[in-house]
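[1] Quick one: sequence plus predicted model below, questions after.
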Amino acid sequence: MKVAIYSSTTQESQRLKRMIIQGLEQNQIEYDEEHPTVVISIGGDGTLLSAFNHYQDQLDSIRFVGMHTGHLGFYTDWRTFEVFDLIESLKNDSGQSVSYPLLNVDAKFSDGTKKHFVALNESTIRDMVKTMVCDVYINAELFERFRGDGLCISTPTGSTAYNKSVGGAIMDPKIVGFQLGEMASLNNRVFRTLGSPIIFGADAVLTLRLNDDSTAVLSCDRTQLMLGNTRHLMELTYSVAKQQIKFAKFRHTNFWLRVKDSFIGGES
Ligand code: NAP
Ligand code: MN
């Protein structure tokens with residue numbers, strides 16, 4: 001086992017990072033930020049999203065562990081007073097993991113360039129200046145012309161994030177698929193969209209074609225793509241990614257308990 005710590009910059013997170021590194025040393029567990037097999041994220045969900053982004057090319061060999069010093073901490077199982085328990089679990093680890101589906105995002109730009117992303121939560125496409133207009137294709141067949149603020153395409157575990165705010169359903173992450181949610185769609189006698197979220201299965205391909213004069217902006221989790229004046233987004237393709245994210249199973253709260261804890265709370 002080789003452990004790396006990816007921490008937010010708060011004092012509390014930095015303090016925990018030092019404590020964990022000390023615990024690892026005392027137990028002869030190797031620390032390796034270049035090629036880890038376990039990545040401990042210390043912070044909130046945002047930190048975990050950044051850790052995921054940082055180690056995106058090594059997803060097959062990494063299991064993630066989340067320690068909570070953020071606000072909500074949907075992805076984080078460990079509390080700050082549990083450093084000792086965490087080190088014990090690492091020592092006794094048998095290598096088990098839980099995997100969740102991810103989203104492929106392929107973008108084509110007006111200057112012929114392309115970019116590929118993988119999202120853990122979601123990708124959004126939005127226009128802050130004017131109505132976003134785009135043609136929505138499902139498996140290469142034209143489905144609808146969307147007009148509105150934008151669209152949110154989310155993974156199952158991202159369904160409790162932005163997707164939830166735009167009225168999407170929460171998806172069981174055992175379902176390998178992704179979800180399309182509308183943001184303030186225009187619906188009247190002239191313009192029409194489906195008006196409800198869609199959940200796609202494992203093989204679906206969703207394509208969005210934008211107008212030539214589009215000023216839409218693309219996001220992938222925490223990252224916003226800055227385009228400048230010389231090129232704009234032309235086409236986006238979404239599908240389930242081949243890779244999955246793995247979380248270490250020595251402590252991994254069941255998804256529905258996580259949802260209850262994050263959104264309902266209280267005693268039971
Ligand atoms: P942030 O503003 O701190 O995130 C917004 C909230 O979403 C935080 O409370 C965050 O938890 C929580 N969150 C993140 N992923 C979640 C998940 N899978 N399930 C449930 N809650 C989740 O920004 P950030 O920390 O950089 O996170 C980026 C994410 O924020 C984006 O991927 C997007 O999903 C979400 N977001 C939501 C809206 C909206 O709902 N209107 C707008 C923009 C972005 P922590 O407090 O632990 O960070
Ligand atoms: Mn956050």
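    Cool, the structure landed. Numbering: from 1, shown residues only. Ligands and ions are numbered 1, 2, ... in the order given.
[2] so what's the residue of the stretch 151-268 of the chain found nearest ligand 2 closest to, chain neighbours aside?
    Ligand 2 sits closest to residue 222 of the stretch 151-268 of the chain, with a gap of 8.5 Å, by CB to the ion. For every residue, glycine as well, the C-beta is placed using N, CA and C. Of all residues not flanking residue 222 in the chain, residue 49 sits nearest, at 5.1 Å (CB to CB, 6 or more residues apart in numbering).
[3] My reading is that that neighbour lies in a strand. Confirm?
    No - assigned with DSSP: H, G, I helix; E, B strand; the rest coil, residue 49 falls outside any strand and is helix.
[4] Verify the stated contact: the residue of the stretch 151-268 of the chain closest to ligand 2 with residue 52.
    No - using CB atoms under 8 Å as the test, residue 222 is too far from residue 52 to be in contact (9.6 Å).
[5] Between those two, which has more neighbouring residues?
    residue 52 (24 against 14; other CB atoms under 10 Å).
[6] The residue of the stretch 151-268 of the chain closest to ligand 2: what's it in contact with?
    Taking CB atoms under 8 Å, 6 or more residues apart in numbering, we find residue 222 in contact with 46, 49-50, 53.
[7] Out of those, which end up buried?
    For the contacts of residue 222, a burial check counting by 16 or more other CB atoms under 10 Å picks out 46, 49-50, 53.
[8] For ligand 1, tell me which of those show up nearby.
    By CB under 6 Å from any ligand atom, the members of those lying near ligand 1 are 46, 49.
[9] now, which of the buried ones among the contacts of residue 222 lie close to ligand 2?
    residue 46 (CB under 5 Å from the ion).
[10] Specify which member of the buried ones among the contacts of residue 222 is nearest to residue 155.
    residue 49 (11.4 Å; CB to CB).
[11] my read: residue 158 touches residue 118, true?
    No - using CB under 8 Å, residue 158 is not in contact with residue 118; the gap is 11.8 Å.
[12] shared neighbours of these two, anything?
    residue 103.
[13] Those two: which has the busier surroundings?
    residue 158 (30 against 21).
[14] Now the more buried one: closest residue in space, sequence neighbours ignored.
    Using CB to CB, 6+ apart, the closest residue to residue 158 is residue 121 (3.3 Å).
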